[in-house]
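**Student:** dropping the sequence and predicted coords here.
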Amino acid sequence: MLKTIQHFLSLIRFSHTVFALPFALLAALMAWRRRGEEGIRYDSPWEFFSQPLPPGEGHYVSYDHYLSVDLPNGWGFNLESPFTIWHTPQVWRFQEILAILLCMIFARSAAMGFNRLVDAKIDAANPRTAQRHIPAGVLSRQQVGLFVMGSALAFIASTLLFLPNWLPLALSGPVLAWLCGYSYAKRFTSLAHFWLGLALALSPVAAWIALRGEQVIASPADLLPPIVLGLAVFAWVAGFDMIYACQDADFDRSAGLRSVPARLGVAGALRLAAGCHAVAVLCLAALPLVYPALGAVYWSGVAAVAALLVYEHRLVRPDDLDRVNLAFFNVNAVISLGLLAVSCVDLWW
């Protein structure tokens, strides 16, 4: 049983979850920070005391250099001039963290399992991928098919944790369709890398909608911060997927598959990937313009991302693809996890 679980984890490259998950968590941190900045404000004590307190809550009055009313979940009352009474809502909930983690894991598992199922014949014909689980007989098509169905149902069920916000449940079907649709993209378009980029770019946007559905419905402009972050993820993922696809440029041409390296050649694909990564850095630099809470620590993270992307492109040359895997996994894992870490410090210092 344990061996089978290990096979499924390696089938879906579970370690590659570090590419999209940190950006979903970053969007969640941004949404929680914004929730904390929002609250109920009263301009007079009479307005405050005329309203019923939240269920199960009370208040107490203490006298110091000013009069204050303190409540367990963040209410405050300040009699200094100008007079203000405010309430800061509960910023985050454990249920939301659990829901984001489950949705990310199960959605990615369904998409990766579906990709391995759909590409089984192609993987068997490609020497680089011939030892993957289905071509090698480690897992059967039936096993992988059941795994995909179970992961998809678990993803949909996980969106119920966001209720009463119904948007995650309503959007779960279209999101799964887009994620799984990527598996067919190389059969008809060289833009498959951008399809994958958009698939991962959905993670910060979806996390934001899951946490701020009511605000998004009331004001669609509320989505601007995760969209800018999503554009950075879109360009970043499309770029590193082109680099990774350079390994299969010759095979893709012979098999009639479409990819940027097969169409433009390895040198052309690497140039386009560099352009995508430049766009990604610009989008990350633009994020504080629409989300001003990000400051100096975040800017240091953007500078580090830019340096790492330059290093990634120095690792791979048209005549030397031996270090593609180092560039693909190691560097990009540091980028995603590192940006999440510095942003967390910046937002919650």
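**Tutor:** All right, it came through fine.
**Student:** residues in contact with the nearest residue to A136 once chain neighbours are set aside?
**Tutor:** Once flanking residues are discounted, A136 sits nearest to A130: 7.3 Å by CB to CB, 6 or more residues apart in numbering. Where C-beta positions appear, they are placed from N, C-alpha and C, glycine not excepted. Residues near A130 by CB atoms under 8 Å, 6 or more residues apart in numbering: D123, A124, A136.
**Student:** quickly find the element holding the closest residue in space to L21 that isn't next to it in sequence.
**Tutor:** Using CB to CB, 6+ apart and skipping residues adjacent in sequence, the residue nearest L21 is M104, 5.0 Å away. Secondary structure from DSSP states H and E places M104 in helix 94-118.
**Student:** figure out how far whichever helix or strand comes after that helix is from the centre of its chain.
**Tutor:** Remark: after helix 94-118, the chain's next helix or strand is helix 120-125, criterion DSSP H and E. On the basis of CA atoms, centre = their mean, to the nearest Å, helix 120-125 sits 29 Å off its chain's mean C-alpha point.
**Student:** list the contacts of helix 120-125.
**Tutor:** Contacts for helix 120-125 (CB under 8 Å, 6+ apart): R116, T129, A130, R132, I134, P135, R141, F251, A255, L257.
**Student:** any idea which of those residues is closest to R33?
**Tutor:** Relative to R33, the closest of the contacts of helix 120-125 is R116; by CB to CB it sits at 37.8 Å.
**Student:** go ahead and confirm the closest one touches A136.
**Tutor:** No. Counting by CB atoms under 8 Å, R116 does not reach A136; the two are 11.3 Å apart.
**Student:** any low-confidence regions in the protein?
**Tutor:** Along the chain, the model assigns pLDDT under 70 to residues 1-16, 38-91.
**Student:** which element is R187 on?
**Tutor:** For R187, there is no enclosing helix or strand under DSSP H and E.
**Student:** for R317, see how far away it is.
**Tutor:** Remark: distance between R187 and R317 (CB to CB, to the nearest Å) = 29 Å.
**Student:** likewise W195?
**Tutor:** As judged by CB to CB, W195 and R317 stand 26 Å apart.
**Student:** who's more crowded, the two?
**Tutor:** W195 (19 against 13; other CB atoms under 10 Å).
**Student:** now do the strands in the stretch 1-150 of the chain.
**Tutor:** Taking DSSP state E, counting those that start in this stretch as the criterion, the stretch 1-150 of the chain contains strands spanning 40-42, 60-63, 67-70, 75-78, 84-87.
**Student:** my guess is K186 contacts S259, does it?
**Tutor:** Yes. Here K186 reaches S259: they are 5.9 Å apart, a contact under CB under 8 Å.
**Student:** next, show the common contact partners of the two.
**Tutor:** With contacts defined as CB under 8 Å, 6+ apart, the residues shared by K186 and S259 are A192, D252.
**Student:** for the protein, longest helix please?
**Tutor:** Identified as the longest helix of the chain according to DSSP state H is helix 260-290.
**Student:** any idea which helix or strand comes after that helix?
**Tutor:** Next along the chain from helix 260-290, counting by DSSP H and E, comes helix 296-315.
**Student:** the inter-axis angle of that following helix versus helix 260-290?
**Tutor:** If you take axes from the mean of the first three to the mean of the last three CA atoms, to 10 degrees, helix 296-315 sits at 170 degrees to helix 260-290.
**Student:** and for helix 296-315, what's in contact with it?
**Tutor:** With CB under 8 Å, 6+ apart, helix 296-315 has contacts from 236, 240, 243, 270, 273-274, 277, 280-281, 284-285, 287-288, 323-324, 326-327, 331-332, 334-335, 338-339, 341-343, 345-346, 349.
**Student:** any idea which helix or strand comes after it?
**Tutor:** Counting by DSSP H and E, what follows helix 296-315 is helix 324-325.
**Student:** what does that next one contact?
**Tutor:** I243, Y244, C246, Q247, L315, V316.
**Student:** considering those, which possesses the most neighbours?
**Tutor:** Top of the contacts of helix 324-325 by neighbour count (other CB under 10 Å): I243, with 28 neighbours.
**Student:** helix/strand/coil for that one?
**Tutor:** helix (DSSP: H, G, I helix; E, B strand; the rest coil).
**Student:** which residue, other than its chain neighbours, is closest to it?
**Tutor:** I243 sits nearest to A273 (CB to CB, 6+ apart), 5.2 Å away.
**Student:** next one: Y184
**Tutor:** V118 (6.7 Å).
**Student:** quick check: domain ranges of this protein?
**Tutor:** By the assignment in automatic domain parsing, the chain contains the domains 25-36+90-348, 44-82.
**Student:** could you dump those to TSV with distance to F19?
**Tutor:** Output for the domains of the chain, formatted as TSV (distance: least, CB to CB, whole Å):
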stretch	distance to F19
domain 25-36+90-348	6
domain 44-82	35
